[in-house]
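Participant: only geometry, no sequence info:
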């Protein structure tokens, strides 16, 4: 794979002093201290038992983004349908949404033809400055534990650029989806924040595995 360039380069995890624990499979974790009944019960509650869950057994991915919602206070639902892509590169963003709007993004769990995701940048989503919103991500974990799931995002407006990273946590496989919710946010206001933003987003983990990447655009406008 070629080295990332441009607004993708800083999305690679940097050494911030955090050292990930040694990678262990579910079977290895279950066998640790197998004679300790209290520890065994604790691990079963954490891992959901010894069964390795695969909600979508024909899909090799460990992390499957099912739905991403950007919920704007008092708003209806606006959807971007991404069900026609199997290797979606996707994002939530830090600073934007239309007033009175909920943005939902969906990803199917089966292998289907890829969508030309770069074309999404040709149709930026307009968002009104000052809107209040939060982000909610619904996803499945299957086949194995995903440790240190992260979301990173690069936002570029002309010569200005920012990179943000959010730690979503570590997750064991299970049949039902996980739901992660961000803190409440506000679309930034003022003439310097209005305009077109190109966004590149990526989901990675402690093993530096890239699960999803997504490019799109937004436009912050006045009410």
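Facilitator: Here it is on my side, so go on. All figures in this text were calculated on a predicted structure; none of them were measured in a lab.
Participant: hey, where'd the helices end up in this structure?
Facilitator: Secondary structure of the chain (DSSP state H): helices at 26-31, 37-47.
Participant: can you give me the mean pLDDT across the longest one?
Facilitator: Helix 37-47 shows an average pLDDT of 59 in the prediction.
Participant: ok, now the shortest one?
Facilitator: Averaged across helix 26-31, pLDDT comes to 59.
Participant: do the same with stretch 187-207
Facilitator: For stretch 187-207, the per-residue pLDDT averages 90.
Participant: Tell me where the protein has strands.
Facilitator: 63-72, 77-81, 102-106, 125-128, 132-141, 146-157, 160-171, 178-181, 185-186, 195-204, 210-221 (DSSP state E).
Participant: hey, least reliable of these by pLDDT?
Facilitator: For the strands of the chain, where the average pLDDT is lowest is strand 102-106, sitting at a mean of 46.
Participant: residues contacting the spatially closest residue to residue 124 that is not a sequence neighbour?
Facilitator: Spatial nearest neighbour of residue 124, excluding adjacent residues (Cβ to Cβ, 6 or more residues apart in numbering): residue 217 at 3.7 Å. Placement of C-beta: from N, CA and C, glycine included. Counting by Cβ atoms under 8 Å, 6 or more residues apart in numbering, residue 217 touches 120-125, 196-199.
Participant: For those, give me TSV that also has distance to residue 153.
Facilitator: As requested, these are exported to TSV (distance: Cβ to Cβ, whole Å):
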residue	distance to residue 153
120	15
121	14
122	19
123	19
124	15
125	15
196	16
197	10
198	11
199	6
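Participant: mind giving me a markdown table with these and columns for distance to residue 142 and neighbour count?
Facilitator: Formatted as a markdown table, these follow (distance: Cβ to Cβ, whole Å; neighbours: other Cβ atoms under 10 Å):
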| residue | distance to residue 142 | neighbour count |
| --- | --- | --- |
| 120 | 27 | 19 |
| 121 | 31 | 16 |
| 122 | 34 | 9 |
| 123 | 32 | 11 |
| 124 | 33 | 17 |
| 125 | 30 | 21 |
| 196 | 37 | 14 |
| 197 | 33 | 25 |
| 198 | 32 | 18 |
| 199 | 27 | 23 |
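Participant: And for residue 145, the neighbour number?
Facilitator: Residues within reach of residue 145, counting by other Cβ atoms under 10 Å, total 19.
Participant: Tabulate the strands of the chain (CSV), appending distance to residue 53.
Facilitator: Below are those laid out as CSV (distance: least, Cβ to Cβ, whole Å):
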stretch, distance to residue 53
strand 63-72, 12
strand 77-81, 27
strand 102-106, 21
strand 125-128, 34
strand 132-141, 8
strand 146-157, 12
strand 160-171, 11
strand 178-181, 12
strand 185-186, 32
strand 195-204, 19
strand 210-221, 17
